[in-house]
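> Here is my input, please return the structure:
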Amino acid sequence: MGTMEYRPVIICSMAENEAGLRQAGLFVESLRSYGGAFANAPVRIFHHTDLSVDSADLPANVSTCPIPVIADWCQPYFFASKVYCAAMAEEDAEDAGSILVWVDDDTLILNEPDSFYLEEGKIAAFSPVMHNRTGVTWNHPPGELWNYLDAVFSVEESDLFPLTAPADEVEIRAYFNAGLMVVEPARRLMRTWKQHFIPLCRDPRVLDLVAERPDDRIFLHQMVLTEVLLKDVGKDSMRILPPAYNYPLFFEELFPAIRPFNDLAEAITARYDAFFQNPRHGWQDRLKGSPEKIAWLIGRLEGLMG
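So this is what the prediction gives:
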């Protein structure tokens with residue numbers, strides 16, 4: 001096993017609305033409370049220029065930066081802003097000599113995330129997608145959009161490998177979640193992602209294919225990211241984060257899953273998606289884990305809903 005490269009990290013996220021800012025604030029509070037060696041890591045929150053931000057409502061040591069306007073032709077792709085911001089964040093991290101950790105604003109830190117360090121020889125760490133919504137079941141032929149993207153990126157069969165999606169435990173062709181990313185900035189992976197994603201947004205063939213499958217339009221950014229990682233990183237230079245990372249809290253309440261995801265003892269970082277926009281009655285009683293951490297989480301999430 002390689003040694004850990006104990007370089008500083010900078011953690012970045014993005015808020016698209018007021019609710020996102022509140023979630024980002026909760027993320028930082030969880031980091032400061034349970035992040036261990038990372039508790040005092042610098043955090044940068046990107047936000048849209050038309051979003052009113054009161055710095056007094058954000059935790060200390062959080063800076064804000066406007067998201068540049070994304071051209072109209074990129075608007076149908078719901079996560080275009082994330083691609084743009086991740087590229088900006090990577091450039092900032094490289095200037096600072098830090099590893100970039102990108103988290104979505106619905107992330108919680110529940111234990112020290114020591115996998116944010118990159119082992120010697122590793123240039124990125126990623127989790128698989130949570131379930132097989134737009135991926136390809138291993139050893140099954142891909143659909144037309146994946147075939148087209150493979151051709152664009154010159155991804156070959158030898159570049160592929162299987163991963164298991166945690167929520168449905170389906171073995172899929174490697175497909176990575178863009179809600180938690182750890183990268184070596186000097187390798188320019190986020191900037192390469194942006195470089196490819198923007199022209200693909202207006203590629204006539206892509207437009208035809210995503211028109212047939214709305215989920216592909218939603219997750220085109222993640223599909224393009226996967227192609228970049230398969231071609232520019234590869235399995236040997238990537239760390240696949242264990243299931244304790246990106247733990248999908250209450251995922252079974254929103255999407256198909258084979259079991260409940262309600263045990264905080266299983267999680268180092270957790271994601272809650274849209275669950276707390278309209279949580280099912282009694283969600284507090286279904287949480288498992290240490291009483292102290294459950295109490296902390298209930299108090300913060302009830303405040304988020306209020």
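
> contacting residues around the nearest residue to Leu189 once chain neighbours are set aside?
Closest residue in space to Leu189, ignoring its immediate chain neighbours: Val183 at 5.1 Å, by C-beta to C-beta, 6 or more residues apart in numbering. Glycine gets a C-beta too; all of them are placed from N, C-alpha and C. Residues in contact with Val183 (C-beta atoms under 8 Å, 6 or more residues apart in numbering) are 90, 99-100, 102, 123-125, 189-190.

> what's across from Val183 in the sheet?
Here Val183 sits in beta bridges with Leu100, Ala124, as judged by DSSP bridges.

> Ala165 now?
Legend: beta-bridge partners of Ala165 under DSSP bridges are Val170.

> Helix or strand next in line after the helix or strand containing Ala178, which one?
Assigned by DSSP states H and E, Ala178 belongs to strand 176-183. Counting by DSSP H and E, the element after strand 176-183 in chain order, helix or strand, is helix 189-201.

> where in the stretch 201-306 of the chain is pLDDT low?
Applying pLDDT under 70 to the stretch 201-306 of the chain picks out residues 305-306.

> next one: the stretch 1-150 of the chain
Within the stretch 1-150 of the chain, the stretches with pLDDT under 70 are 1-5, 49-61, 63, 68-76.

> Helices of that one, residue ranges please.
18-34, 80-96, 144-153 (DSSP state H, counting those that start in this stretch).

> In the first one, which residues are buried?
Yep, that's helix 18-34 we're talking about. For helix 18-34, burial by neighbour count (16 or more other C-beta atoms under 10 Å) applies to 20-28, 30-32, 34.

> Please tell me how far Leu31 sits from Pro291.
21 Å (C-beta to C-beta, to the nearest Å).

> which non-adjacent residue is nearest the residue nearest in space to the middle of the chain?
Nearest residue to the geometric centre of the chain (C-alpha atoms, centre = their mean): Gly179, 0.9 Å. Distance criterion C-beta to C-beta, 6+ apart; nearest residue to Gly179, sequence neighbours excluded, is Asp104 at 3.9 Å.

> Can you pull the phi and psi angles for that neighbour?
Main-chain torsions, Asp104, degrees, to the nearest 10: phi -70, psi 160.

> That one contacts Cys12, correct?
No. Asp104 lies out of contact with Cys12 (C-beta atoms under 8 Å); the separation is 10.6 Å.

> returning to that earlier point: against Leu229, how distant is the residue nearest to Leu189?
9 Å.

> Quickly list what's touching both of those two.
Joint contacts of Val183 and Leu229 (C-beta under 8 Å, 6+ apart) are 124, 189.

> can you pull out the helices in the stretch 201-306 of the chain?
Going by DSSP H, counting those that start in this stretch, the stretch 201-306 of the chain shows helices at 204-212, 214-218, 220-232, 283-286, 291-305.

> what does the fourth one contact?
Judged by C-beta under 8 Å, 6+ apart, the contacts made with helix 283-286 from elsewhere in the structure are 250, 253, 260, 262, 275, 294, 298.

> wait, isn't the second one in contact with His281?
Translated: Glu253. No. At 11.4 Å, Glu253 does not count as touching His281 under the criterion of C-beta under 8 Å.

> neighbour count winner among the two?
More neighbours surround Glu253 than the other of Glu253 and His281, with 19 against 6 (other C-beta atoms under 10 Å).
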